[in-house]
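Chemist: Sharing a model prediction with you, sequence too.
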Amino acid sequence: MFTGLIQAIGVVKSVEPCGSGRRYEIKTPLAHEHFTLGASICCSGACMTVVKFRHTKCGQTRFVVEVSSESLDKTTLAAWDVGHSLNLEPAVRPMDPLGGHIVSGHVDGVAKIVAIETHENFTHFTIAPPADLARYVAQKGSVTLDGTSLTVNAVDEKDTFTLMLIPHTLEHTTWGLSKVGDTLNMEVDMLARYVERLLGRA
């Protein structure tokens, strides 16, 4: 489980084929205590399993994840190349503060940035979700995009929705590198899915 509060930005250092999938080596400034074999880490919204890791002399960590063809087809991971920046969050521990909201790291679909407007104290992003996920997005509700827990500012008639991001978020996540047309891993609030399921049964 994750909270959607990004703890570091990682960088893809190598990409190799792995059967029908791929193997990525990622460099991160995250402390070594977050890494054990089999540990879960959220990489731009996708929960990945650490299959190898090593600590460098400069105090950074390099870890390896293996991605299936299913994940490549259903997420943005197929577009990751050497130099690509990632939002990283280790799995939450019992003693960690539960900020953000409950995030599983299971990507529901791929959204797209359709507009960006820069203002003095915030940046306004307009996001187009996949058509089948639009119904789960509500004004002032939570959504996870590329692993970041965000609050929906507004939803318009075209089913696009807007976000207001402060400079701190832009500086400490990959949102500061975003461009119009970029795609994002999207996970809807799991509470919305359960409510839909329960109301459907009723």
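Modeler: Yes, it's here.
Chemist: going forward, measure contacts and count neighbours with C-alpha atoms only.
Modeler: Fine.
Chemist: Mind naming the longest helix for the chain?
Modeler: Longest helix of the chain, by residue count under DSSP state H: helix 190-201.
Chemist: Can you list the residue ranges for strands in this protein?
Modeler: With strands called from DSSP state E, the chain shows them at 8-18, 21-28, 40-43, 46-55, 61-67, 85-90, 109-118, 123-128, 142-145, 148-151, 154-155, 161-165, 183-188.
Chemist: Just tell me which of these ends up closest to K74.
Modeler: Nearest to K74, of all the strands of the chain, is strand 109-118, at 6.5 Å by Cα to Cα.
Chemist: elements contacting that closest one?
Modeler: Strand 109-118 sits against strand 123-128, strand 183-188, with contacts defined as 3 or more Cα pairs under 8 Å, 6 or more residues apart in numbering; DSSP states H and E.
Chemist: And the contacts of it?
Modeler: With contact meaning Cα atoms under 8 Å, 6 or more residues apart in numbering, strand 109-118 is reached by 74-76, 123-130, 133, 179-187.
Chemist: Next, the angle from it to strand 183-188.
Modeler: On the basis of axes from the mean of the first three to the mean of the last three Cα atoms, to 10 degrees, strand 109-118 is oriented at 110 degrees to strand 183-188.
Chemist: Using PDB, write down the CA coordinates of the one helix or strand in the chain whose mean pLDDT sits lowest.
Modeler: When the helices and strands of the chain are scored by mean pLDDT, DSSP states H and E, helix 190-201 comes last with a mean of 80. Presented in PDB, the C-alpha positions along helix 190-201 are these (Å, rounded to 0.1, in the frame of the first residue of the first chain):
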ATOM      1  CA  MET A 190     -10.600   2.700  -4.600                       C
ATOM      2  CA  LEU A 191     -13.400   3.900  -2.400                       C
ATOM      3  CA  ALA A 192     -15.300   5.000  -5.500                       C
ATOM      4  CA  ARG A 193     -14.900   1.600  -7.000                       C
ATOM      5  CA  TYR A 194     -16.300  -0.100  -3.800                       C
ATOM      6  CA  VAL A 195     -19.200   2.300  -3.700                       C
ATOM      7  CA  GLU A 196     -20.100   1.600  -7.300                       C
ATOM      8  CA  ARG A 197     -19.900  -2.100  -6.600                       C
ATOM      9  CA  LEU A 198     -22.100  -1.900  -3.600                       C
ATOM     10  CA  LEU A 199     -24.700   0.300  -5.300                       C
ATOM     11  CA  GLY A 200     -24.700  -2.000  -8.300                       C
ATOM     12  CA  ARG A 201     -25.500  -5.000  -6.100                       C
END
